[in-house]
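**Q** test case, fold it:
(one chain, ligands or ions: 2)
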Amino acid sequence: MSNSIQMPSSLYIHIPFCATKCYYCAFNTYSFHKEQAKTYLDALQTEMQLYASRTAPLQTIFIGGGTPSILSANALGQLFTDIQKHFQICPDSEITVECNPGTVDGEKLSVMKNAGINRLSFGLQAMQDETLHQLGRIHNVEEFLHSYHLAREYDFDNINIDLIFALPKQTMEAWQHTLSETISLEPEHISAYNLVMEESTPFYDWWKAGKLVLPAEDIEADMFQYTIETLTSYGYTHYEICNFARPNREVRHNLVYWNNEEYIGLGVGACGYVDGVRYANIRGISSYIEALCQHKKPISETERLTGHAEKAETLMLSLRKREGICLADYEQRFGEKLEVAFGDTIQKWMDLELLEQNGTHFRFTRRGLFLANEVFVELM
Ligand SMILES: C[S@@+](CC[C@H](N)C(=O)[O-])C[C@H]1O[C@@H](n2cnc3c(N)ncnc32)[C@H](O)[C@@H]1O
Ligand code: SF4
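**A** Ligands and ions are numbered 1, 2, ... in the order given. Purely as a prediction, here's the structure:
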């Protein structure tokens, strides 16, 4: 049976500002202007009010972007005060802030630490200055290292580093260098994404115009394979397609998404899942602010997930996890065995050696993991 009667205990907050836009990125972001950021945070506070009674005490909070760390220390302090005012937060909650190297300093880290932020996520992407420049990043390797070590000085003991592989012109050696230098920093968590060519980005346009050369698919597959083997040999658990964690450092917030559980999403363009309904907020910042000035929820789309759609989403999201989908959990949630709705699909994927049964779970094989996005198309 659906567990949607429980109130969500996870909160995502979108801070849409960045110094400049990276050439590959399609996230909903705007260039940073201090005044607009102030108005935005006021609107966000109103949105918090509208949801305050809709959550259980929060177990996880994820402040993502965009670049939350681009806000001033004062603005960050205000944001955390607002969250604490409107929501109850469990004492052992996980609270993450996404940071872009070069945008943190001692004052901001101190504000975050005092506000109870206990996890930071740095977007590094690559360990070569030239590559960072080609990606349109605002920082070089040295600035990243400075931000990372400063965070350690402020006692942040749960840090993620985001990396991207299969970048234009990237060689296997360059990716190996990025990985080994990252491992030497001993972060608790590493996210290693393969580059996705998103429409409406400069990278996409250059690629279509033949100006960007991407590594061949077999090299990309080798990079993925190498990533899994290397990180697991250094004690990182490969627990989701792109995510690796030291023991007990899996990101609890994202596990809520992958378990298809409910959460509140606040901010421009943010998505949420409440009372069995998925919603997406307005993507334009002026319209978002305007809706909240009128004390209206800034929702632009809703979809009630029921029946087959909810089952398919649960299967897709769970298969992203390395452990795969727990058959008992699925049966408890939907009151029927997984094979009832997906027997034929499962058999087909097993015949193609994309899926395997591991006692209590169905999970992707290594090949299935690499092809996951193409495989999922069948369920949509
Ligand atoms: C929402 S971004 C925010 C992180 C932060 N703003 C930064 O860039 O430092 C989270 C991560 O998504 C990844 N990402 C963004 N666009 C991507 C793309 N087109 N392909 C693969 N990974 C991407 C990057 O690794 C990035 O660090
Ligand atoms: S990757 Fe991060 S810094 Fe770059 S545009 Fe996207 S959200 Fe902003």
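**Q** report pLDDT for residue 218.
**A** For residue 218, the pLDDT comes out at 95.
**Q** tell me which element it falls in.
**A** Assigned by DSSP states H and E, residue 218 falls within helix 217-233.
**Q** other SSEs contacting that helix?
**A** Counting contacts by 3 or more Cβ pairs under 8 Å, 6 or more residues apart in numbering; DSSP states H and E, helix 217-233 is packed against strand 159-165, helix 172-184, strand 189-194, strand 237-240, strand 243-245, helix 366-370. (C-beta placed from N, C-alpha, C; glycine too.)
**Q** any chance of the ones you listed in TSV with mean pLDDT as columns?
**A** As requested, those are exported to TSV (pLDDT from 0 to 100):
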stretch	mean pLDDT
strand 159-165	98
helix 172-184	98
strand 189-194	98
strand 237-240	98
strand 243-245	98
helix 366-370	92
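**Q** max-length strand in the protein?
**A** strand 89-99 (DSSP state E).
**Q** which secondary structure elements does the next helix or strand after that strand sit against?
**A** Counting by DSSP H and E, the element after strand 89-99 in chain order, helix or strand, is helix 106-114. Where contact means 3+ Cβ pairs under 8 Å, 6+ apart, helix 106-114 is packed against helix 73-86, helix 141-153.
**Q** would you mark the buried spots in the last one?
**A** In this case it means helix 141-153. Under the neighbour-count criterion of 16 or more other Cβ atoms under 10 Å, helix 141-153 has 141, 143-148, 151 buried.
**Q** gap between it and the chain center?
**A** How far helix 141-153 lies from its chain's middle: 21 Å, per Cα atoms, centre = their mean, to the nearest Å.
**Q** got the angle between that helix and helix 172-184?
**A** 20 degrees (axes from the mean of the first three to the mean of the last three Cα atoms, to 10 degrees).
**Q** run the contact check for helix 141-153 versus ligand 1.
**A** No: legend: contact between helix 141-153 and ligand 1 by Cβ under 6 Å from any ligand atom is lacking; minimum distance shown is 9.2 Å.
**Q** hey, what's the residue in the chain that ligand 1 sits nearest to bridged with?
**A** For the chain and ligand 1, the shortest gap (Cβ to the nearest ligand atom) falls at residue 123, measuring 2.1 Å. Beta bridges link residue 123 to residue 162, judged by DSSP bridges.
**Q** could you say which helix or strand holds the residue nearest to residue 85 when sequence neighbours are not counted?
**A** Excluding its sequence neighbours, the residue lying closest to residue 85 (Cβ to Cβ, 6 or more residues apart in numbering) is residue 48, at 7.9 Å. Assigned by DSSP H and E, residue 48 falls within helix 34-51.
**Q** tell me the buried residues in that helix?
**A** 36-37, 40-41, 43-48, 51.
**Q** farthest pair in those residues?
**A** Using Cβ to Cβ, the two most remote members of the buried residues of helix 34-51 are 36 and 51, lying 22.5 Å apart.
**Q** contacting residues for residue 204?
**A** Contacts for residue 204 (Cβ atoms under 8 Å, 6 or more residues apart in numbering) come out as 197-198.
**Q** so it belongs to a helix, correct?
**A** Yes: judged by DSSP: H, G, I helix; E, B strand; the rest coil, residue 204 forms part of a helix.
**Q** and the pLDDT at it?
**A** Confidence score, pLDDT, at residue 204: 98.
**Q** got it, and the one 5 residues further on?
**A** In the predicted model, residue 209 carries a pLDDT score of 96.
**Q** any residues of the stretch 101-250 of the chain in contact with ligand 2? List them.
**A** residue 123.
**Q** quick check: the residue of the stretch 101-250 of the chain nearest ligand 2.
**A** residue 123 (5.2 Å).
**Q** count the neighbours of that residue for me.
**A** For residue 123, the neighbour count with other Cβ atoms under 10 Å is 22.
**Q** so it sits right up against residue 148, yeah?
**A** No: here residue 123 lies out of contact with residue 148, judged by Cβ atoms under 8 Å, at a distance of 11.4 Å.
**Q** hey, what's in contact with both of these two?
**A** Counting by Cβ under 8 Å, 6+ apart, the contacts common to residue 123 and residue 148 are residue 101.
**Q** which ones are touching the nearest residue in space to residue 100 that is not next to it in sequence?
**A** Excluding the flanking residues, the one nearest residue 100 by Cβ to Cβ, 6+ apart is residue 67, at 4.4 Å. Applying Cβ under 8 Å, 6+ apart to residue 67 gives the contacts 15, 17-19, 29, 32, 98-100, 103.
**Q** for residue 237, same thing?
**A** 244-247, 250, 322.
**Q** ok, those vs residue 188, which is closest?
**A** Scanning the contacts of residue 237 for proximity to residue 188, where the rule is Cβ to Cβ, the winner is residue 246, at 4.8 Å.
**Q** what sits closest to the closest one if chain neighbours are left out?
**A** Take residue 246 and drop its neighbours on the chain: the residue closest to it by Cβ to Cβ, 6+ apart is residue 188, 4.8 Å away.
**Q** surely the one you found meets residue 157?
**A** Yes: taking contacts as Cβ under 8 Å, residue 188 lies within contact range of residue 157: 7.3 Å.
**Q** the two - which one has more neighbours?
**A** With neighbours defined as other Cβ under 10 Å, residue 188 and residue 157 compare such that residue 188 has more, 20 against 11.
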